[in-house]
Structure formats: C-alpha cells, structure tokens
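Trainee: need coordinates for the below:
(4 chains)
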Amino acid sequence: MLPVVVLYFARSAELAGVRTETISVPQRITSLQLWEEIVKKHSGLEDIRDQVVFAVRQEYVLLGDQLLVLHSGDEIAVIPPISGG
Amino acid sequence: MLPVVVLYFARSAELAGVRTETISVPQRITSLQLWEEIVKKHSGLEDIRDQVVFAVRQEYVLLGDQLLVLHSGDEIAVIPPISGG
Amino acid sequence: METVNDSEDKPKDFIKLNCEKLSADEISALVISPCCGAVALFVGTTRNNFEGRKVIQLEYEAYEPMAEVEIKKICTDIRLKWPSVKHIAIHHRLGTVPISEASVMVAVSAPHRAESLEAVQYGINALKAAVPIWKKEVYEDESAWKENKECFWAKTEK
Amino acid sequence: METVNDSEDKPKDFIKLNCEKLSADEISALVISPCCGAVALFVGTTRNNFEGRKVIQLEYEAYEPMAEVEIKKICTDIRLKWPSVKHIAIHHRLGTVPISEASVMVAVSAPHRAESLEAVQYGINALKAAVPIWKKEVYEDESAWKENKECFWAKTEK
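Mentor: Model (predicted):
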C-alpha cells in the first residue's frame, strides 16, 4: 500500500465534499478497482460512475481493466465531463 | 452627348494622371466603346486594358458589348484589379 | 446583472473605412451579444516582405461609397448563408499602414462557433474578391500595386 | 520602421489560465508577426440563457497544471497539422465570468488566412474536447455544471 493524492473537481468535488485528500492504495490496481476504493470513502460519487474518467499523473485513464502502476505521492484526479470554452 | 463623371483609382489614376474628370459621351454606348473614349484621352491606360472593369453607378460592368444607358452626371469608375484585405 | 432583452439585440452590420488604427477590442465589443456564445475575428496584417523584397509600408485607397455598398452586400450574403449570425463588423483601414499593423478586421457573432468562423472566412474571402480597395506596397526603391488572386476579373497568375 | 528579423520571430505558444478579464487586443498583439499576414481569433463569451432559463453568471474552475499540459498538446497538434502557423495563444478565464464577457480566446497567426482560421477552429474544438476545465451556470434559483458535447468520454446527449 502506498499513499496517493486524489483531487476532485466540479461535481465530483461537490459529491465528495472534499477537493484534495491522500488515500492508501495498492501499488498495482486497475482503474476500476481504484474507483471502487474511492467510492467506499465517498458513496455520493456512485451517481457519476458512468460519467467520470481519471487523470493519473495528468494523463487521462478511463475506468476499466487497465492496470495502473502507482508511485508514492502520485496525483490522481477524478474528472467529470468537462465544459471549458 | 451627356456629361458623366469618371473616377480613376490606384494604377489607373497614376496612368491617367487624374483622379476625377467629367467627359461627354453618348447616352447609349457599349462599355467597350466607353473604354475606347477614355483611352483616347489617356493613352497610357491602354496598358491595363485586360485588367480593368468599370463600375457604373457603383455596379461592376465588364468591358465588352454590354450596352450602357447613361444619365447626365452618372458616376463611372475605372477599377483596376483590387487588393484590399 | 444582465438587462438587455434578447429581442432588443437586433442583428446589426457595422462597416467602417477610415485611416484610424484598427482595434480588436473595439470590433469585438461591437459584435458581442448576450445571446451569442461565439465571436470569430479575422485580422489581416501587413507583412514585412513580398517574394523576399523588404516592404517598408503599405498604402491603401478605396472607392469609398462603392466599397461600403459592396461590404453591405457581403453582410447580406452572410445573413442568407448563416441565418443565426447576430452582428457583423467589417473595418478596413485606409492610407498608410505600418508593417505589422492591421489593415482589415472582420468580426461576427453567432450563437455557436462554427457559424461565426465560417461567416468570417466567407467575409474576408468576399472582401478580397469584390470590394474596391487597393493596396500599394512600398519597397526601399520603388512601389507596386498589388492584385488579390481572389479578384473576380483579374486574369493574372497572382 | 521594422527592425524585427524574420528568423528571430520564432514560433511561440502563449498559454494563460487565470481570473483576469481577457483582452482581444492583448492576445492579437501576442500573435501578430511581421512575416504573417493573418491573425484569426475566436472569442467564447458567456450567454444570458440556456434553454430559456436566465443565466446570472458563470463560474469556471480548472485542473490547472493538467489544463496547461493539454493546451500545450493542442498547440503541438496545430503545428503538425498546419506547419506554417507562427504563434498560438490560448487564454482561458477562471472564476466568475459575468454575462457577455469572454471566457476563452484562441488566436493564431499564419502567413495566410486559411491556415489561421482552420487552426483556430481546431484549437477551440480540441479545447472543448480534452482540456480539464469546468463551467457552472448560475441561474436565479439554482446552478448546474455543464458538459461539452465534444467531451471525449461523456455519454450523455448534451
């Protein structure tokens, strides 16, 4: 288990009730398993399961079977649908 | 014969040596005959015969067989290739 | 607080031909509308070279009343092609224009960006094809009247 | 008099995300180049209504470091697609944006206008599809986070 920093934005920040937190996760974890870890802490996020993606070290990662190899202190963002412009 | 005002712009003004003048022309005349009348007064314009069009009462008219029906005081412009923008 | 009623913001055309320096802020402000999310702007600027020759400055002249009529026709055509377009502004500078300064600006507002960008592109293309304005490039030793390749009657290869 | 040497005017990308009011003059001046005749600019402005509901104001937030990385990728893509493009500037305002003010500006200079306009269109489309920025519309009685239809993973009909 290692610590990673999770960032929440827009609707995900409202549902989580927090904008930044540190959580402990396995070094090897699929992006979907990571999502499930996060939802355990913030059940309100369940609602937007089908709408979010992650950004892991500032690169987009879809929720699914993709295996993430994390490092201590990695930045992981929960990204709801964007609306810039 | 009736008086019309001829306007020259850009290269046609340089070749004619004048920017505005009044000339007398028949009421009914083709645009090509009108050009020939103008070239009689300003032979330097011969050089740009293939490059110009007229604007008669601010509407484009190509040099050719088109019959113009003119009115006293009509404004006729000699329009070399444009380069606005 | 927004007090402008949509229905009061009637489509308007802003046409200007004079020797003053052009302003992107000014023309943007003219066309912005509270019911439109998109403004597209094209700025034509004077270049410092032509086929390797150094251009010192540019001089523009216009057949002004007819140029305004032709620009108005372009505005009408834009509204036929893109009915959602709100405001259109076409400003052309005349007289001496120093290098790197704007000679022309075309700005269009519309509810959505595709129309605004397409309308601006049409507007500048049409201006180059049909509006009686002329540009003289002044080089170090001489000068030359230019020809737009879009000019609808020009037969040269330019 | 023009003193800038063409070869010194290296292509540059200007990226800015902050809460300041955006300026069309400022962004045009950033991208203008003495060897380029064309500047295209897109300005996204905030609208006063959404499906008939009155919008009071807009609030934007961004995942700022990643947004800058994604915008930088867009600049790189523009240069691959339109190699003649000179300067690119992409400014996005954050925080509260009053109605009718600009939330985003994309400006591109190029020797010729077609590339500048195409690059700007690509730039704003790509920004809406991939840059992590969020907009909240504030109505009289509530507010709503918006979703771009271009957002590459969104599954809604919006």
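
Trainee: rest of the way, CA atoms for contacts and neighbours
Mentor: Noted.

Trainee: tell me the residue of chain A that sits nearest chain B?
Mentor: A:G85 (29.2 Å; CA to the nearest CA).

Trainee: and for that residue, the neighbour number?
Mentor: Residues near A:G85, counting by other CA atoms under 10 Å in any protein chain shown, number 29.

Trainee: what sits against it?
Mentor: Applying CA atoms under 8 Å, 6 or more residues apart in numbering or on different chains to A:G85 gives the contacts D:44, D:92, D:103-104, D:124, D:127-128.

Trainee: what about it, helix or strand, and which?
Mentor: Under DSSP states H and E, no helix or strand contains A:G85.

Trainee: strands along chain A, start to end?
Mentor: A:2-8, A:20-25, A:28-30, A:53-56, A:59-61, A:67-69, A:75-79 (DSSP state E).

Trainee: can you put those strands in TSV and add distance to D:C35?
Mentor: Listed next are those as TSV, based on distance: least, CA to CA, whole Å:
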stretch	distance to D:C35
strand A:2-8	44
strand A:20-25	47
strand A:28-30	51
strand A:53-56	40
strand A:59-61	36
strand A:67-69	47
strand A:75-79	41
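
Trainee: of all those strands, which lies closest to C:S116?
Mentor: strand A:75-79 (30.0 Å; CA to CA).

Trainee: so that closest one, near chain D or not?
Mentor: Yes - Strand A:75-79 is in contact with chain D by CA under 8 Å from any CA of the partner chain, via A:I79.

Trainee: partners of that strand, with directions?
Mentor: strand A:2-8 (parallel), strand A:53-56 (antiparallel) (DSSP bridges).

Trainee: out of the contacts of A:G85, grab the one that's most surrounded.
Mentor: Neighbour max across the contacts of A:G85 (other CA under 10 Å) = D:S103, 29 neighbours.

Trainee: how about the nearest residue to it, chain neighbours excluded?
Mentor: Sequence neighbours aside, D:R93 is the residue nearest to D:S103 in space, at 5.0 Å (criterion: CA to CA, 6 or more residues apart in numbering or on different chains).

Trainee: show me the beta-bridge partners of the one you found.
Mentor: With DSSP bridges as the rule, D:R93 is bridged to D:N18.

Trainee: these two touch, right, it and D:C19?
Mentor: Yes - applying CA atoms under 8 Å, one finds D:R93 in contact with D:C19, separated by 5.2 Å.

Trainee: okay, those two: which has more neighbours?
Mentor: Ranked by neighbour count (other CA under 10 Å), D:R93 and D:C19 place D:R93 first, with 24 against 15.

Trainee: give me every residue that touches the more buried one.
Mentor: Contacts of D:R93 (CA under 8 Å, 6+ apart): D:17-22, D:60, D:102-104.

Trainee: around chain B, which positions in chain C sit nearby?
Mentor: Checking chain C against chain B by CA under 8 Å from any CA, the hits are C:44, C:60-63, C:65-66, C:69, C:92, C:103-104, C:124, C:127-135, C:145-148, C:151, C:153-155.

Trainee: so of those, which ones are in helices?
Mentor: Among those, DSSP state H puts C:65-66, C:69, C:124, C:127-130 in helices.

Trainee: re the thing from before, so of the strands of chain A, which one's packed in deepest?
Mentor: strand A:75-79 (a mean of 23; mean count of other CA atoms under 10 Å in any protein chain shown).

Trainee: the inter-axis angle of it versus strand A:20-25?
Mentor: 110 degrees (axes from the mean of the first three to the mean of the last three CA atoms, to 10 degrees).

Trainee: put the alpha carbons of strand A:75-79 into PDB.
Mentor: Below are the C-alpha coordinates for strand A:75-79, written out as PDB (Å, rounded to 0.1, in the frame of the first residue of the first chain):
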ATOM      1  CA  GLU A  75      -1.500  12.700  -8.300                       C
ATOM      2  CA  ILE A  76      -4.800  11.100  -9.300                       C
ATOM      3  CA  ALA A  77      -7.700  13.400 -10.400                       C
ATOM      4  CA  VAL A  78     -11.400  12.500 -10.700                       C
ATOM      5  CA  ILE A  79     -12.500  14.200 -13.800                       C
END
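
Trainee: for PyMOL, what selects the buried ones among the residues of chain C next to chain B?
Mentor: Entered in PyMOL, the line below selects the buried ones among the residues of chain C next to chain B, by 16 or more other CA atoms under 10 Å in any protein chain shown:
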select buried, chain C and resi 44+60+61+62+63+66+69+92+103+104+124+127+128+129+130+131+132+133+134+135+145+146+147+148+151+153+154
